[in-house]
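Peer 1: Coordinates for the following, if possible.
(2 chains)
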Amino acid sequence: MERYQDSKLYRIRHSTAHVMAQAVLEKFPQAKIAIGPPIEDGFYYDFDLPRPLTDEDLAGIEARMRDIIREGHDFVRKEVSADEARALFHDQPYKLELIDGLERGGVDEYGEKTDEAPVISTYTQDSFEDLCRGPHVANTREINPDALSITFKAPAGAYWRGDENREMLTRIYGTAWETAEQLEEYLALLEEARKRDHRVIGQQLGLFTFSQLVGKGLPLWKPNGAILRDLLERFLREVQIERGYEPVITPHIARVALYEKSGHYPYYKDSQYSPFEVEGDLFMLKPMNCPHHIHVYKDDLHSYRDLPMRMAEFGTVYRYEKSGELHGLTRVRGFTQDDAHIFCTPEQLEDEFVGVIDLVESILNGLGLNDRRARVGIRDPQSDKYVGSDEVWEQAAQAIIAAATRKGLDFTVEEGEAAFYGPKLDFIVRDALKREWQISTIQVDYNLPARFELEYVGEDNERHQPIMIHRALYGSMERFVAVLIEHYAGAFPAWLAPVQVALIPVADRHIAYAQDVANILHSKGLRVQVDDSNGRVGGKIRAATQQKIPWMLVVGDRDAASSTVSVRLRSGEDLGAQPVLAFADLATRLVESKSLELA
RNA sequence: GCCUACGUAGCUCAGUUGGCAGAGCACGCCCUUGGUAAGGGCGAGGUCAUGGGUUCAAAUCCCAUCGUAGGCUCCA
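Peer 2: Below is the predicted model of the structure:
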């Protein structure tokens, strides 16, 4: 398959970014230009502008872009020396900084190190010349003026070179396609994503809320949301017990000394809450569960016969997130991890790791999250933010790759994606709209066992150090529920639906019968709601459909007379009249099997 | 945290150049008892996010704070 960077679409977007820069410079001749690359689905260009942009500005810029495109200008490439480039861009400070980087060699326009020879080139179309390595289309006519849009995102702030200590620029995003139909499709996908937004659906379905007085980033789970979350927790608890995990429970605060010993303290400084003093000693909210679990392990002297020991806890942790980073349930300041730590011998490591992969696959498959990829995260060789020796890191990475290979996983290996104490295997799921979410993570750790001097007595009657596997399947309950909401657009599988059955009496005189049916279904373990409001069938159907309730049972004279219910699915499908017990059997069977089907 | 925009009833939103605070949905009561996506009427509900300021007069203009959205940076 052709790489995006080699595609015509990439060149179109890159060229459109230049056209946009020309239009912006025509409107604001004093503007300073930074960089403007193609990105997934579009492009952007960063500017230092004399004033904030308005919607009218954007509309004017977009209109001017169409004119420039229609005028049919060639893109002309020119190679220049560093000094010639400096002369060309003498009044463009960001370009001068880029030229310095190129001349020294080794730094590209994003500030990343590069091995390429520093050839400096410019591209010119019409009146606009930009420092750029290309590639571009030959002529602006290759851009379809009906397939671009710069108004789909508000103008945005962005730091120069992504560095929060540098200048804040104005970034204008745009999207460009080869045809108007592709643009339409893309905009429709954005619209669909907007409708599935878990924050919107969460409110509509009464799943969770936030309170200004409680504090930002601190979700309040309402009854419907708590049911959903509790079901997910119970599901995993049961499966974990089958697989030999043991539940543990640990507190939400601990002495700072614990995290100093674990080594987390310096690494997590920016994401921890300030310590507080209790009787002269410093404590803090726990940002992770592992040190606590380690002390559960350390309370006993373990034989190799005890291992592997698998400790699991839905552990709530607190991490400081800058206010601008908070987002619904996906970025919060207090969240619950479905955390577990496996303590094992070196011989057991690979089997244990494979066992966790099995567990991940069965849980995610069971929830309909079948589309996913795996990523082995190893150290960034440039960085010094990791603890432990090279041998130990190599050993851990090899164990992960061996286990992933044995499971036949399709995985990539990516530098810089490791935890600070060890390499990891992450599972990234794609939801119904093909968006990626990092969910499950499995990490191999030789470092914490060493720091805490963990031991077990081997067959040889000598003390040995166990290895730890850290793992979370859902990741955090908050983020996972958000992903499920967006994946299912709120229409959860029946076993997870907060209300599974809506009983809809045709008239008031059928409420008693509806209540009888509800009692029968409730006694079978189904979550049932009787709509006894003063409305007509149509209105009640509408209300239940909007709440994404899987089964609607309309009951009137005919049903009361024959002990039946008329079954309608939230999809609109009508299953007709069925005996109450037949429906109860159907529903309980689908719920118990965690089926994704409603019939 | 930084850039930009926005905060009006439980929800979604109107509110003109500064001049009596509005609608729909939801909620309560009444009428209606209706068989598969909105039956009708009446009613209650707001310190216009909060605190200052300008003005005869502020939802409207200015400042600060809090919150939200998009983006940057960072992440489960």
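
Peer 1: Could you show which parts of the stretch 1-150 of chain A are in contact with RNA strand B?
Peer 2: A:Pro52 (CB under 7 Å from any atom of the strand). For every residue, glycine as well, the C-beta is placed using N, CA and C.

Peer 1: The stretch 1-150 of chain A: helices as residue ranges?
Peer 2: A:8-27, A:55-71, A:82-88, A:93-104 (DSSP state H, counting those that start in this stretch).

Peer 1: Nearest to A:Pro505 among those would be which one?
Peer 2: helix A:55-71 (50.0 Å; CB to CB).

Peer 1: Report the angle between that closest one and helix A:8-27.
Peer 2: 120 degrees (axes from the mean of the first three to the mean of the last three CA atoms, to 10 degrees).

Peer 1: circling back to that earlier point, a markdown table for the helices of the stretch 1-150 of chain A, including mean neighbour count and mean pLDDT?
Peer 2: As requested, the helices of the stretch 1-150 of chain A are exported to a markdown table (neighbours: other CB atoms under 10 Å; pLDDT from 0 to 100):
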| stretch | mean neighbour count | mean pLDDT |
| --- | --- | --- |
| helix A:8-27 | 23 | 94 |
| helix A:55-71 | 16 | 90 |
| helix A:82-88 | 15 | 90 |
| helix A:93-104 | 18 | 87 |
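
Peer 1: A:Tyr474 is nearest to which of those helices?
Peer 2: Using CB to CB, the helices of the stretch 1-150 of chain A put helix A:8-27 closest to A:Tyr474, at 36.1 Å.

Peer 1: any idea how far A:Ser323 is from A:Leu148?
Peer 2: For A:Ser323, the distance to A:Leu148 (CB to CB, to the nearest Å) stands at 34 Å.

Peer 1: out of these two, which sits in the busier spot?
Peer 2: A:Leu148 (24 against 9; other CB atoms under 10 Å).

Peer 1: isn't that one right up against A:Glu178?
Peer 2: No. Contact criterion CB atoms under 8 Å: A:Leu148 and A:Glu178 do not qualify, at 10.4 Å.

Peer 1: before we move on, back to that, adding distance to A:Ser383, write the helices of the stretch 1-150 of chain A out as CSV.
Peer 2: Below are those laid out as CSV (distance: least, CB to CB, whole Å):
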stretch, distance to A:Ser383
helix A:8-27, 30
helix A:55-71, 39
helix A:82-88, 30
helix A:93-104, 21
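
Peer 1: right, so of those helices, which gets closest to A:Arg194?
Peer 2: helix A:55-71 (18.3 Å).

Peer 1: can you tell me which residues contact the residue lying closest to A:Glu79 once chain neighbours are set aside?
Peer 2: Once flanking residues are discounted, A:Glu79 sits nearest to A:Ser121: 5.0 Å by CB to CB, 6 or more residues apart in numbering. For A:Ser121, the contact set (CB atoms under 8 Å, 6 or more residues apart in numbering) comprises A:Arg77, A:Lys78, A:Glu79, A:Val80, A:Leu131, A:Cys132, A:Arg133, A:Gly134.

Peer 1: can you do 7 Å?
Peer 2: When contacts are counted by CB atoms under 7 Å, 6 or more residues apart in numbering, A:Ser121 is found next to A:Arg77, A:Lys78, A:Glu79, A:Val80, A:Cys132, A:Arg133, A:Gly134.

Peer 1: what residues does stretch A:480-498 touch?
Peer 2: With CB under 7 Å, 6+ apart as the test, stretch A:480-498 has contacts from A:196, A:198, A:201-202, A:205, A:224, A:227-229, A:231, A:328-330, A:367-369, A:431-432, A:437, A:439, A:474, A:500, A:527, A:548-550, A:570, A:590-591, A:594-596, A:598.

Peer 1: Of the residues you listed, which ones also sit close to RNA strand B?
Peer 2: Checking those against RNA strand B (CB under 7 Å from any atom of the strand), the matches are A:Gly328, A:Thr330, A:Ile439.

Peer 1: For the stretch 251-400 of chain A, which residue gets nearest to RNA strand B?
Peer 2: A:Gly324 (2.1 Å; CB to the nearest atom of the strand).

Peer 1: Nearest to A:Tyr45 among the helices of the stretch 1-150 of chain A would be which one?
Peer 2: helix A:8-27 (5.0 Å).

Peer 1: rewinding a little: quick check on the contacts of stretch A:480-498: which are buried?
Peer 2: Neighbour-count burial (16 or more other CB atoms under 10 Å) applied to the contacts of stretch A:480-498 gives A:196, A:198, A:201-202, A:205, A:224, A:227-229, A:231, A:328-330, A:367-369, A:431, A:437, A:439, A:474, A:500, A:527, A:548-550, A:570, A:590-591, A:598.
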